[in-house]
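J.: pasting the sequence and the predicted coordinates here, then a few questions.
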Amino acid sequence: MHTVAVLALNHVVAFDMATPIEVFGRTRLPDGRSPYRVRVCSPTSEVKTEAFALQVSWGLEALAEADTIIVPGCSEQAPPPSQEVLEALRAAAAAGTRIASVCAGAFILAATGLLDGLRATTHWIAADQLARQFPLIDVQPDVLYIDNGQILTSAGAAASLDLCLHMVRRDLGSAVAADAARLSVMPLEREGGQAQFIVHEQPPVPQGSTLQSVLDWIDDNLAQELTLDAMAERSGMSGRTFSRRFREQLGTTPLQWLLRARVRRAQYLLENSDYPVERIAQQAGFGSPTAFRERFRRVVGTTPHAYRSAFHGRRSTQPLTAMTST
């Protein structure tokens, strides 16, 4: 039997911990036997989650006996992991144990050094912080999970379902994993990555920026063909001066800013209208449905059709007329 140890530290996120317990605990072989033994481990006998306290039966010594260790995320109020915890994880890794993190659990793995030189992910909202804090890690915020073989990481809490089902399939094959997915009311594979959930906010415009009026004009004219020369002319600057000023004030190029603005417009229309793709492509300024699909998938990580299926009807704080003016 394969032993899965779920590491519980104070201020652990309950959902991050519950998901692997549920998936591995409920997985069954074709003959009905359970292939996994799940143990919750902690350096203390009582653990405080965000919502309740847990009495824990196994200490850190159980990590040495585990075949897989799951490291859930902790809330921002959690203290840094102790050296005792970090050493236990390093020792388990040295012994060949598979170790996977959920959401912000990547920060705990990062503190051990086990992610140095590897690709890793975490919740998209914390990805920049992970990259800044641990520059030796190749942080990829647009995926649901990353499997490096022995070390795995997943994005937000829901992505831990994807990761756990992936590990079940790796261990026991697609048929058993598909049954586990049905019990979790989840597809065995979700289309697209974490990128589809990222809110693509534009860089904030500095107060008193000389570009504010031209940015407003761009937003009002996304459906038009907007070239760099046209934007520069609108600003009253040469193309070179406009591009330099844009980078200085917004940290990106005019054309990159324009692409994000068009993607945000398209996302809004997919979520809040029943317009066909052809009309959305035109109103967002992509020129053709083919160009729209290609660029949308490159930025968001999924197709416009799949995005609409997942997010149609989501409330927005902006009125439709403000987002669709031509």
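T.: Good, I have the coordinates. Residues are numbered from 1 along each chain as shown.
J.: rest of the way, CA atoms for contacts and neighbours
T.: Noted.
J.: so where's the stretch 201-326 of the chain uncertain?
T.: 201-208, 310-326 (pLDDT under 70).
J.: and Ile146, what are its phi and psi?
T.: phi -130, psi 130 (degrees, to the nearest 10).
J.: that one and Cys164, how far apart?
T.: 12 Å (Cα to Cα, to the nearest Å).
J.: between those two, which has more neighbouring residues?
T.: Cys164 (25 against 19; other Cα atoms under 10 Å).
J.: past the helix or strand harbouring that one, which element shows up next along the chain?
T.: Under the criterion of DSSP states H and E, Cys164 resides in helix 159-172. Next along the chain after helix 159-172, taking DSSP H and E as the criterion, comes helix 174-183.
J.: buried sites along that following helix?
T.: Val176, Ala177, Ala178, Asp179, Ala180, Ala181 (16 or more other Cα atoms under 10 Å).
J.: tally up the residues packed near Ala94, please.
T.: Ala94, neighbours per other Cα under 10 Å, totals 10.
J.: return the closest of the buried residues of helix 174-183 with respect to Arg298.
T.: Comparing the buried residues of helix 174-183 against Arg298 with Cα to Cα picks out Ala181 as the nearest, at 27.9 Å.
J.: once you drop chain neighbours, what's closest to Val176?
T.: Leu29 (6.3 Å; Cα to Cα, 6 or more residues apart in numbering).
J.: next, count neighbours for the one you found.
T.: 15.
J.: does it belong to a helix or a strand, and which?
T.: Counting by DSSP H and E, Leu29 is found in no helix or strand.
J.: can you give me the pLDDT of it?
T.: pLDDT, Leu29: 90.
J.: pretty sure it sits against Pro35.
T.: Yes: applying Cα atoms under 8 Å, one finds Leu29 in contact with Pro35, separated by 6.6 Å.
J.: remind me, longest helix of this structure?
T.: Using DSSP state H to define each element, the chain has its longest helix at helix 254-272.
J.: can you give me the angle the helix holding Cys164 makes with helix 174-183?
T.: 150 degrees (axes from the mean of the first three to the mean of the last three Cα atoms, to 10 degrees).
J.: list the buried residues of helix 159-172.
T.: Ala159, Ser160, Leu161, Asp162, Leu163, Cys164, Leu165, His166, Met167, Val168, Arg169.
J.: which strands and helices sit next to that helix?
T.: helix 14-26, strand 145-147, strand 151-154, helix 174-183 (3 or more Cα pairs under 8 Å, 6 or more residues apart in numbering; DSSP states H and E).
J.: and the strands in the protein?
T.: 2-7, 36-41, 46-48, 53-55, 68-71, 98-101, 119-120, 138-139, 145-147, 151-154 (DSSP state E).
J.: I'd like those laid out as a markdown table, including mean pLDDT and distance to Trp257.
T.: Output for these, formatted as a markdown table (pLDDT from 0 to 100; distance: least, Cα to Cα, whole Å):
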| stretch | mean pLDDT | distance to Trp257 |
| --- | --- | --- |
| strand 2-7 | 93 | 42 |
| strand 36-41 | 93 | 46 |
| strand 46-48 | 83 | 43 |
| strand 53-55 | 84 | 46 |
| strand 68-71 | 95 | 37 |
| strand 98-101 | 94 | 33 |
| strand 119-120 | 91 | 27 |
| strand 138-139 | 92 | 22 |
| strand 145-147 | 87 | 28 |
| strand 151-154 | 92 | 29 |
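J.: format those strands as TSV; extra columns: distance to Gly287.
T.: Compiled in TSV, these are given as follows (distance: least, Cα to Cα, whole Å):
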stretch	distance to Gly287
strand 2-7	50
strand 36-41	53
strand 46-48	54
strand 53-55	56
strand 68-71	46
strand 98-101	42
strand 119-120	35
strand 138-139	33
strand 145-147	34
strand 151-154	36
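J.: out of the ones you listed, flag the one nearest Leu215.
T.: Going by Cα to Cα, the one of the strands of the chain nearest Leu215 is strand 138-139, 30.6 Å.
J.: what pairs with the closest one, parallel or antiparallel?
T.: Using DSSP bridges, strand 138-139 pairs in its sheet with strand 119-120 (parallel).
J.: contact partners of the partner strand?
T.: Strand 119-120 is contacted from outside by Ala106, Ile137, Asp138, Val139, Gln140, Tyr145, Ile146, Asn148, Leu152, Thr153, Ser154, using Cα atoms under 8 Å, 6 or more residues apart in numbering.
J.: against Glu61, how distant is the last one?
T.: What it means is Ser154. 25 Å.
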